[in-house]
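# Quick one: sequence plus predicted model below, questions after.
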Amino acid sequence: MQKEIEMKLQILLPCFALSCLIYTFPAWGIQNVEFKTQIGLNPERDYIQNLKIQCQPQSPFCFELCENSEQCLFEEPTCTNCASTAVPLLNLIFSVEDNFELINFNSIPILNSSEIFTLFKNYKGDHVFLSTRSVYNYGSSWNSELLLKKFHQLCNSKNIEKSPILLVSINAQREVQKLDSVICPE
């Protein structure tokens, strides 16, 4: 009898553990989620940029991320010297020239929904988020069609109306480090 109970437990415990993993890491996609950079002014009247994640009612992504079913807002740190042409990486990114090969864009990972969720759940102000509508775009027309096409070179997405979001890491001094990854519209 004791052996029979032990055998049943050996079968049930892994099944229980697997169901916990499935519950802990929900498998939602980002088809009903939109990522936008948003520009505003802080109380000192300085420009600030936020990343807004907007969710459709049928998507649990926002609620799981920030306990708001409609949207999550992530305030970015102010990037040192980014609002100028003094940062070579930003000049490459926002130039309308087809120059992504200079930053080896083939090695830039496209984040999937669970990686995006983890990134924002653990966000500590160590990235700035760039879109064609970024406050740091000093290299081309704001939200230009040419820049949008250039950004879409990083994605395999068919939705070319919405801007991909480029994640650029910054250090403790809030200086640009490198282009880390991209969030592509679905």
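Looks like it arrived, so ask away.
# which ones are touching the residue nearest to C155 when sequence neighbours are not counted?
Closest residue in space to C155, ignoring its immediate chain neighbours: C184 at 3.6 Å, by CB to CB, 6 or more residues apart in numbering. In short, each C-beta sits where N, CA and C put it, glycine included. Applying CB atoms under 8 Å, 6 or more residues apart in numbering to C184 gives the contacts 110, 154-157, 164.
# quick one: which of those residues has the most company?
Counting neighbours by other CB atoms under 10 Å, P164 comes out on top of the contacts of C184 with 23 neighbours.
# how about the helix or strand hosting L90: buried residues?
Using DSSP states H and E, L90 falls within helix 88-94. Residues of helix 88-94 classed as buried: 90, 92-94 (neighbour count, 16 or more other CB atoms under 10 Å).
# tell me the mean pLDDT over stretch 60-71?
Stretch 60-71 comes out with an average pLDDT of 92.
# could we number from 764 for the rest of this?
Okay, residue one is now 764; in that scheme the one you just asked about reads as stretch 823-834.
# At which residues are the strands of this protein located?
Here the chain has its strands, by DSSP state E, at 796-804, 810-818, 834-838, 890-893, 928-933, 939-946.
# just checking, which of those sits deepest inside the structure?
strand 890-893 (a mean of 24; mean count of other CB atoms under 10 Å).
# That strand pairs with which strands, parallel or anti?
Note on strand 890-893: by DSSP bridges, its sheet partners are strand 928-933 (antiparallel).
# same question for the strand it pairs with, mean pLDDT?
93.
# pull the helix or strand with minimum mean pLDDT from this protein.
Ranking every helix and strand in the chain by mean pLDDT, DSSP states H and E puts helix 765-787 at the bottom, with a mean of 36.
# Where does the prediction get shaky in the chain?
The model of the chain has pLDDT under 70 over residues 764-793, 859, 861-869, 920-922.
# coming back round to it: and the helix holding L853, C-alpha only, in PDB?
This file holds the C-alpha atoms of helix 851-857, laid out as PDB (Å, rounded to 0.1, in the frame of the first residue of the first chain):
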ATOM      1  CA  PRO A 851      26.600  58.600 -32.900                       C
ATOM      2  CA  LEU A 852      24.300  55.600 -32.300                       C
ATOM      3  CA  LEU A 853      21.200  57.900 -32.300                       C
ATOM      4  CA  ASN A 854      22.500  59.600 -35.400                       C
ATOM      5  CA  LEU A 855      22.700  56.300 -37.200                       C
ATOM      6  CA  ILE A 856      19.200  55.200 -36.000                       C
ATOM      7  CA  PHE A 857      17.400  58.400 -36.900                       C
END
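# what helices or strands is it leaning on?
strand 890-893, strand 928-933, strand 939-946 (3 or more CB pairs under 8 Å, 6 or more residues apart in numbering; DSSP states H and E).
# again, 7 Å this time
strand 939-946 (3 or more CB pairs under 7 Å, 6 or more residues apart in numbering; DSSP states H and E).
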